[in-house]
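1. next input, structure requested:
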Amino acid sequence: MKRQRREGRCGILPQAVSGASCSGLFLLLLACDSNHELPTQEAVATETTLSSTPWPITRGGPSLSGRVSGPAPHSPEVAWTFTLDSPGTAEAAATTDVIVVGDVMGFLYAIDFETHELLWKFETEDTIEAAPAIHEDRVFVGSGDGSFHALDLKTGDKIWSIGGNEKFSSAPNLIPGPDGSLRLVVNGYDGTTRCLDPADGTVLWTYETQDYINGTPALVDGKLAFGGCDTVLHVLDAGTGEKLNAIPTESQITDSIATAGNTLYAANYANQVVAAESDATEPTWIYQSDDFPFFSAPAVDDDHVYIGCRDKALHAIKRADGTGAWTFPTGGRIESSPIVFDDAVVFGSSDGRLYALDPTSGKELWRLDLGEKLTAAPIFAGGHLIIAGGEGTVFVVR
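-> Numbers count the residues shown, from 1 in each chain. Now for the predicted structure:
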């Protein structure tokens, strides 16, 4: 029987079923070649054609910017759906052939993009809260049962598995190692960052914090950065795990950060969004929400930071000085992390609707009523928006 986990992010009891704790850049990353070469950070920021691109890791790429270079879909419609056994709150990952997504009961599903049929289903012993990562013929995913797995993408067979001291509530990232080889990094709720060899799960280094971690480590200017429930933004040497910097904030950081250039953007439980340079000793600016915390990861483009809030609104914040640009109200809390195209910000709301807004003005471009609470982040792969719903439906929108 699966354990019933009662703690929320940072040990705070959630008031509703929360979205993935880390829960777009179209990285060819991970259409990598056999040498496991990754694109440069600049290449990540200027990705390519949308109809043939995958979404292999959370937030679209190693920098976790949630940015998609290209236009958003217009006049959207549901192309097809797939039904999970239980609610979906985790962000999906996708190649152009297969969608991989987890559910509350701890199953991971691989769904054929063309036939819409189940390819395989892998069972863990507790909720899958965060996105998997896909590289070549493997899928990497953590579970609330304290296990982290590498699976065969075609069959779902387990290749290797490791255990942590607590759940894995954040998605893994894939980064280049010092010798150019691929490395897998994942944060655990036990407060430990682990760098693994994706071939066999060998632990290459670990870094320990003093509290829970829910967010995925971001790759920024050759370093790793993330926030934790210890209220600190941690900056590490990506090759060795050595601490390079620790930037204090005023409260627990409950989700993945976003990055752009050398700047980190994080939300904390003091109802703040914080911007800081990775080598700074204090934040550059702090944006304050009046009464409610932010429980989604930010998305970033050239001008703004976009983030959902429990005040039921999406907030756009000016990157230059941290002042508010606009807010857009919905009918429910926004825990679905947005993604930002060249011409639209797309996100889900607990009111059951998928929204697209003009990034400059916040004007609504369209909404699509999907009829299920949306706390998972949307992704964009193969020319489609993909999002899991709170009643177990995976919506594929063209």
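2. for Ser251, the count of nearby residues, please.
-> Ser251 is flanked by 16 other residues according to other CB atoms under 10 Å. Where C-beta positions appear, they are placed from N, C-alpha and C, glycine not excepted.
3. from what I can see it touches Ala266, true?
-> No: between Ser251 and Ala266 there is no contact under CB atoms under 8 Å: 10.5 Å.
4. strands along the stretch 101-250 of the chain, start to end?
-> 107-112, 118-123, 133-135, 138-142, 147-152, 158-163, 173-176, 182-187, 192-196, 203-208, 218-220, 223-227, 232-237, 243-248 (DSSP state E, counting those that start in this stretch).
5. ok, the fourth one: who's next to it in the sheet?
-> The strands beside strand 138-142 in its sheet (DSSP bridges) come out as strand 133-135 (antiparallel), strand 147-152 (antiparallel).
6. so which bits of the last one are buried?
-> Applying a neighbour-count criterion of 16 or more other CB atoms under 10 Å, one finds 147-151 buried in strand 147-152.
7. low-confidence ranges in the chain?
-> Counting by pLDDT under 70, the chain shows low-confidence ranges at 1-9, 11-51.
8. circling back to that earlier point, of all the buried residues of strand 147-152, which comes closest to Glu77?
-> Leu151 (32.1 Å; CB to CB).
9. partner residues bridging the closest one?
-> Legend: beta-bridge partners of Leu151 under DSSP bridges are Val139, Lys158.
10. how many neighbours does the closest residue in space to Tyr189 that isn't next to it in sequence have?
-> Spatial nearest neighbour of Tyr189, excluding adjacent residues (CB to CB, 6 or more residues apart in numbering): Glu166 at 4.0 Å. Number of residues near Glu166 (other CB under 10 Å) recorded here: 16.
11. again with Asp358
-> 15.
12. name all residues that make contact with it.
-> Shown in contact with Asp358 (CB atoms under 8 Å, 6 or more residues apart in numbering): 343-345, 364-365.
13. can you check Glu77 too?
-> Contacts of Glu77 (CB under 8 Å, 6+ apart): 368, 397-398.
14. Ile99 now?
-> 82, 92-93, 109-111, 113, 381, 386, 394, 396.
15. if you rank those by neighbours, which is first?
-> Busiest of these [other CB under 10 Å] is Ala93, holding 28 neighbours.
16. any idea how far Ile379 is from it?
-> 7 Å (CB to CB, to the nearest Å).
17. now do Ile307
-> From Ile307 to Ile379 the distance is 17 Å (CB to CB).
18. next one: stretch 243-254 to chain centre, how far?
-> 19 Å (CA atoms, centre = their mean, to the nearest Å).
19. that one: end-to-end distance?
-> 20 Å (CA to CA, to the nearest Å).
20. please enumerate residues in contact with it?
-> 9-10, 12, 21, 207, 211, 214-215, 223, 227-237, 264, 266-270, 272, 274, 276, 278-283, 286, 293-295.
21. filter the residues you listed to the buried ones?
-> 9-10, 12, 21, 207, 211, 214-215, 223, 227-236, 264, 266-270, 272, 274, 276, 278, 280, 283, 286, 293-295.
22. from what I see, Asp321 and Ile286 are in contact.
-> No: counting by CB under 8 Å, Asp321 does not reach Ile286; the two are 11.0 Å apart.
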